[in-house]
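Q: coords please:
(chains A, B and C)
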Amino acid sequence: MTRYIARRFMLTVPVLLLVTVIVFSLINLIPGDPALVFIGGEAGKEAVEALRKQMGLDRPMFVRYVLWLNRLARGDLGKSVRDGRPVMDVLLLKLPVTVELALVALTVAWSIAVPAGVLAAWKRQSMIDYAATTVALAGISIPNFWLGIMLIYFFAVNLRLLPPSGYIEPWLDPVRNIKLMIMPATVLGTALAALVMRQLRSSMLEVLGTEFIRTAHAKGLSERLVVVKHALKNALIPVATVMGLQLGGLLGGAVITEQIFAVPGIGRLAVESIFTRDYPMVQGVVLFSAVAIVFVNFTVDILYSLLDPRIRLVEEKA
Amino acid sequence: MRRALLAAVVIVTLTAVLAAGLASAQAPRRGGTLRVGLNADPPNMDPHQSTAAVDRQVFQSLFDKLVDIDETFSVVPMLATSWAITNNGKTYTFKLRPNVVFHDGTPFNAEAVKFNFERMLDRAFASPRRFEIILVERVTIVDPLTIQIDLESAFSPFLSILSDRAGMMVSPAAARRLGRDFAREPVGAGPYKFVEKRPQDRVVLERFDRHWDRAAGFAERIIFRPFIDGQARLANLWAAELDIIDAVEPTDIPDLKKDTRVRLLERDGLGWQGVWLMTQGTPFNNRSLRQALNATIDRRTLVRVVFGDTATVANGPFPTGMLASDAGPNNRIPERNLDLARAKLREGGQPSGFAFTMKITPGRVPQQVGQIVQSMAGEVGIRVNLEIIEFGALLSVLASQRYEAALLGWSGRPDPDGNIYNNFVTGAGQNRAAYSNPRFDTLLDAARILTTAEHRRRAYADALAIMNEDLPYLFLYWPKEYKVMSPKVNGFVHNADGMMRLRHVWLSP
Amino acid sequence: MATREDALPLAPRGRAVSTVGIRYFLHRYARNRLALIGLWVMLGVFLSAALAPFVAPADPTKTDFGALLLPPSRAHLLGTDDLGRDILSRIIFGARTSLLAGVISVGLAMCVGLPLGLMSGYFRGQLDNVVMRITDALLSFPFLVLALAIAAVLGAGLSKAMIAIGIVFTPGFIRLSRAQVLSERERTYVEAARAMGASDRRIIWLHILPNSLSPVLVQASLAMAVAITAEATLSFLGLGTQPPTPSWGSMLNIAQAYLNKAPWLAWWPGLAIFVTVLSLNLVGDGLREVLDPRLR
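A: Numbering: from 1, shown residues only, chains lettered A, B, ... in the order given. Presented below is the predicted three-dimensional model:
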C-alpha cells in the first residue's frame, strides 16, 4: 500500500514541475509591460525604466524562472507588484472567501442533487426521472454569467429582496453574509448540482442492478430501506470522486461568479491581476489553484484505491 | 406695561431658543464613519510613488499639501500660508504654517519640505513625480518656517502641480525608516491618519486629533472601498452601505437625477477623450487622411448616443471652466461634412477610402464610441477595424508607437499646461502620436512662462489653431464630473478635479 | 429495475462501422425524445447560422441613432440595442460566431489530441510518460483560468480565442483516446492483426481508431457545448470577438449596464447560448446512451 502511495507521489512531482514551467512561461508571455501598467499612462519613461529594473524585468526569462523557482521552494511567492504585499498573504486573505462561497455552493448543490438523483434513479423512466434529468441538463447548459445577471435583475433590481453584490465577513454580520452569498452560491452550485445529480443517478442505477441489492430484496427489506441505506451509500463513492475532480470547474466558475457579484475571492483576484499585469500575483494564484487540484486529484486517487483494491492491482501490473 | 415687557422677554427668549435650536441643527456634527465607494482599488499609499489616479482620493484626507485648489481653480493655502513669486517667475518663497505635526508626532517644517523634494528628485528613488517637478533646481531652507524653491525657468503651472501629489508632504522620519515600504504605513500631515489597508477590500483612516485645522475632521473614521462594477457601487449606495461614491455610469445619470434616495452632484470635469492618430506611419502620416476622418465624425450625435448629456462635446483639451476653454477652436465643434471628407480623401490620394485599425479598451463606452466612429467613417469608404486590447497591452502599444489609431484620453489637470504640454510637445512623455510641430512647441513653451491669464489664453488659442489643422488627436468629448451621495452627507464641495475633499464633510444622524 | 431488453447487439470486433449499423444507430437514437429535440434544435441553429444573411431581417451592424434601446415590437421582434441595431439579426449572426468557435476549437483539439493520445497509448514507453505528464499538468489548471491566460497571451480576437480554447481542450482528448487505445490494444483482434503482419500504423488507424470513435464522438459534442460557453465567457470579458461582429457573449457584456432600462438586451443572448448549449448536451447525452449500453 505504501509502495502504491509512494509511486503515485513520485508521479506528481514532475507534474508539479511542469505546472510551474507552464505557469511561468504563460504569464510572462502575456504582452504588455507590467512596469508600464503599474505606472499607468501618465508618467515619464525614466520612471518606467527604473521600475522595470526594480522588478527584475530586464533579465532573461530563464534566469527569472530559476530565481522564482528558488524562492518558491522556500515558500516565498514573491510580492505583489501593485502594493508590495507578499503574494502569500493576499492569497491567504482571499482564499477563505472563495472557500466559503464554494462551501455554500456545495451545500446548495448537494441539497438539491441528492434527493433529485435518488428520486430519479428510484423512479427511472418515469416523468419524474425525465423532468429531473432535463432540469439537470439545463443546469449544466445555462451560462453562469447569464444566470448571475438574471438573478441580480430579478432579486436585486426588480424585487429588491437581496443586495446585488459585495461581501461581508460572516463574523461581522452573519445574516447579511448569507444574503450576499445566496445568489453567487446558487450560480456556482447549479452546474455542480446538475453534475452530481446525474452521476448519482447513474451510479445508483448501477448499484441497484447488482446482486447485492437483489439479495437485500429477497430478504424482504422495504424498498425505501434498500434504496436509501444500501444503494445510496455505495453509489456515493464514485460521486464523491467525481466531485473531487470538479475542483477545477469550481475554481473556474468562481472566477466569473466573483466578478459579477463583486466577491473578493481568489477568482476575482486572478482576473484582476491578469488585467493589471501583476505577474507575481497571477503566478501565485494560478500556481496555487493548479497545486490544489493536483493535490486533490492525488488524494482522491489514494482514497479510491483504498476503497477499491482492484485499481491498485491494475496499476501495479501496468 | 409690565405685561408687555414680560411678553417681549418671552418672545425674545423663545426666538433665541428657536434660533439656537435651528443653529445646532445646522451645525456640523462630529462623529460617525464616512464610507466612500471608489471605482478601483487604490494600489499605492505613497504619494511619491503613486501612479494610479484613484490613490489621490485617499490622499486628500491622509496627506496635506503645500497648497490646494478650490472649486474655482484658485490656489489656496494649506501647509504653506503664503508665497511670493520673484525673479521673473523663477523663485518661489513659501511661508509655512507653524505648529503642524505629522501623524507620528514629528514636526513639519522647512527641513521636512526639503526632504520631500529631494526624495521626489532622487534619481535612484525613481519617483513618477520627478518629471513633474523636473524644473526645480534648488531648494533652500531660509528659516524653519520659510522655504525657497528655485526653478530653471519660469513655470506658471508650478503652484497647481504642488496642489497635487508633488506637493504632498510625507513624514521624513517615517520615509527614512521605511524607504520604499512607506506605502504600507503611510504617515502624512492630513486630518486623518492611516489605520489599515486590505487589498481589494478597504482602506481605513481615522481622525488625527492633532491636526492644525480645528474645523476639520468631523467624521471619526473614513473607510474607502473599491467597487469596480458601477452597478455594485451604486447598489451599495442605495442600500446605505456607502455614503458617497465616485464615478457613475453615464447610463445611470438620468435616473439618478430624479432619484430621491440620493443626491447627485454634477459639474464639468478636467479630462478629455478622443482618438490618437499615429502620425509616423501609414495611413495617418498623411495629414489629409487625418482631416478626412475628422470630417466624417458627427460629434454631437456621438456624445448624445453614448452619454446623453453626461459629457460635453469637445474639440480641444480645455474643458469648460478651465482657463483657455474659449481659446481658439477648443469649444467650437466642427459639423460633420462628408463632402469635405471626400475632398480630403482625394487630396490624400485615397479617393475610395482606406482602412485602419483602431485599438480600444474593453468596456461599454469605448466599444460604443468605436462602433459609432466605425459607422460614421464607413459612409465615405473609410473602413475602421476595431481591436479590443486591454488597458495593459494598450499602454505598451502606445509607448512603442506600434499602432494606427487608439481611443484613449487624459484624466486632466487643473492648469491648462497640464492638459496639453506633455501630450503634444515634440518628444514629450505622453506624446503618443509622435506629433512634432516646432511653432506649436514654441507657443506652448511661451504659455508656460507667461504669467497673465490673457497672454496665456492667446498663446493657447494660436497653438490650438495649429493643432486643429494638424490633427494628431481627434478630441471628441469632455466627460462631466459626478458624485453621488446619501442625503446624510453635508458640507461636500464638488471640485472639478474630481477629488473628494472630506475634511469638512459631516454626517447627519 | 434495470432490464436487459434494450441491450444493443454488439457489433463484431475488428470491423469498421458498417452502413447497416448507421441506420440501426439512428433508429436507436431517435427513441430518446429529448435527444431528438436537441438534434432538431441544433440543425435549426446550424441552418440559421449558415443562411443568416437570408434569415435575418436586418443588417446586424447597421446603427440607427434615432432608435436606441427600443423594446420588442413588430419592427424589431427582439428590440434594438444601445446603438440602434436590430437584436434579432444580431442573435442570428451571433450563432455563426458561436458555432464557428465550437467547431474550430473542438476540431483543433481533436486534430492534435487524438493522434497524440493514440500514439502515446499504443507505443507506451518514454513518449507515453512525457505526454501523460504534460497532459496531467495542463489538466491541473482550472479550465477558464487557463483559457483566460492563453487568450491574454495571444491577444483579442475570435481566432485567437478559438485557439486558446482548443489548446485547453486538447489534454482531454489525449487522455480519452489514450484510454481507448489502452483497452483496445489487448484485444484478440489486434493480436491477430499483428500476427498477420499488419504495421503499427495500420493497426492504429484502421482497427483501433474506428472502435474508439464512440466515446470520442460523445466527448466532441459535449466539448462543443463547453466551447460555445467558453467563447461567450471570453467575449464577455472582452477577449473574444471584436466589435461590431455580433457575439452572444459580448452582447451580454453590454447588457449589464442597461439592466434597469432595457433588460431585454440581456435576455435574448443568454437564452440563445442556453438553448444552443442545452441542445448540444442533449445530443451528446443521446449519443452516449446509444453508443455505451452500460450506462442507462
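Q: drop to CA atoms for contacts and neighbour counts, all remaining ones
A: Fine.
Q: can you pull the buried residues of stretch B:432-450?
A: B:432-436, B:440-441, B:443-450 (16 or more other CA atoms under 10 Å in any protein chain shown).
Q: and it, average pLDDT?
A: For stretch B:432-450, mean pLDDT rounds to 92.
Q: same check, this time on stretch C:186-198
A: 78.
Q: That stretch close to chain A?
A: No - judged by CA under 8 Å from any CA of the partner chain, stretch C:186-198 makes no contact with chain A; its nearest approach is 12.0 Å.
Q: Helix or strand with the lowest mean pLDDT in chain A?
A: The weakest-scoring helix or strand in chain A, judged by mean pLDDT, DSSP states H and E, is helix A:309-317 (a mean of 52).
Q: In chain C, what residue spans correspond to helices?
A: Secondary structure of chain C (DSSP state H): helices located at C:19-30, C:33-50, C:52-55, C:87-123, C:125-139, C:143-154, C:158-184, C:188-195, C:200-202, C:209-236, C:248-255, C:264-291.
Q: before we move on, the earlier item: with the buried residues of stretch B:432-450 in mind, which one is nearest to chain C?
A: Taking CA to the nearest CA as the measure, chain C sits nearest to B:Arg432 out of the buried residues of stretch B:432-450, at 21.3 Å.
Q: For B:Leu234, give me its contacts.
A: The neighbours of B:Leu234, taking CA atoms under 8 Å, 6 or more residues apart in numbering or on different chains as the test, are B:245, B:248.
Q: Over to it. Which of the three states is it?
A: Under DSSP: H, G, I helix; E, B strand; the rest coil, B:Leu234 falls in the helix class.
Q: quick one: it from B:Thr310, how far?
A: B:Leu234 is 17 Å from B:Thr310, where distance means CA to CA, to the nearest Å.
Q: Who is B:Val489 paired with across the strands?
A: Per DSSP bridges, the residues bridged to B:Val489 are B:Leu507.
Q: Now do the same contact list for it.
A: B:243-244, B:505-508 are the contacts of B:Val489 under CA under 8 Å, 6+ apart.
Q: and the residue of chain B nearest chain C?
A: For chain B, CA to the nearest CA, closest residue to chain C: B:Pro362, 5.3 Å.
Q: Just confirm that residue contacts C:Gly240, I think it does.
A: No - in this structure, B:Pro362 is not within contact of C:Gly240 by CA atoms under 8 Å, at 10.4 Å.
Q: Of these two, which one has the most company?
A: Per other CA atoms under 10 Å in any protein chain shown, whichever of B:Pro362 and C:Gly240 has more neighbours is C:Gly240, with 28 against 21.
Q: Which pLDDT does the model give the more buried one?
A: Looking at C:Gly240, its pLDDT is 80.
Q: repeat for C:Ser247
A: C:Ser247 is assigned a predicted lDDT (pLDDT) of 90.
Q: same check, this time on C:Ala11
A: On pLDDT, C:Ala11 comes in at 49.
Q: Also the one 3 residues further on?
A: pLDDT, C:Gly14: 50.
Q: got the residues of the stretch 201-318 of chain A near chain B?
A: A:260-262, A:264, A:275-277.
Q: Now for those: which two are most distant?
A: A:Phe261 and A:Arg277 (22.4 Å; CA to CA).
Q: Name the residue in these two with the higher neighbour count.
A: Legend: neighbour count by other CA under 10 Å for A:Phe261 and A:Arg277, higher for A:Arg277 (27 against 24).
Q: so which strand or helix has that one?
A: If you go by DSSP states H and E, A:Arg277 is not part of any helix or strand.
Q: Identify the residue spatially nearest to it, adjacent ones excluded.
A: Nearest residue to A:Arg277 in three dimensions, chain neighbours excluded: A:Pro34, at 5.1 Å (CA to CA, 6 or more residues apart in numbering or on different chains).
Q: what's the neighbour count on the one you found?
A: Neighbourhood size, A:Pro34 [other CA under 10 Å]: 27.
Q: May I have the residues that are in contact with it?
A: A:Pro34 touches A:52, A:276-279, B:392, counting by CA under 8 Å, 6+ apart.
Q: Please read off the pLDDT at it from the model.
A: pLDDT recorded at A:Pro34 is 71.
Q: Excluding chain neighbours, what is closest to residue 163?
A: No chain specified, so I'll use chain A. A:Ala156 is the one closest to A:Pro163 (CA to CA, 6+ apart), at 5.7 Å.
Q: nope, chain B please
A: Excluding the flanking residues, the one nearest B:Ser163 by CA to CA, 6+ apart is B:Asp68, at 4.5 Å.
Q: what does B:Arg138 give?
A: Distances taken as CA to CA, 6+ apart place B:Asp150 nearest to B:Arg138, at 5.1 Å, with adjacent residues excluded.
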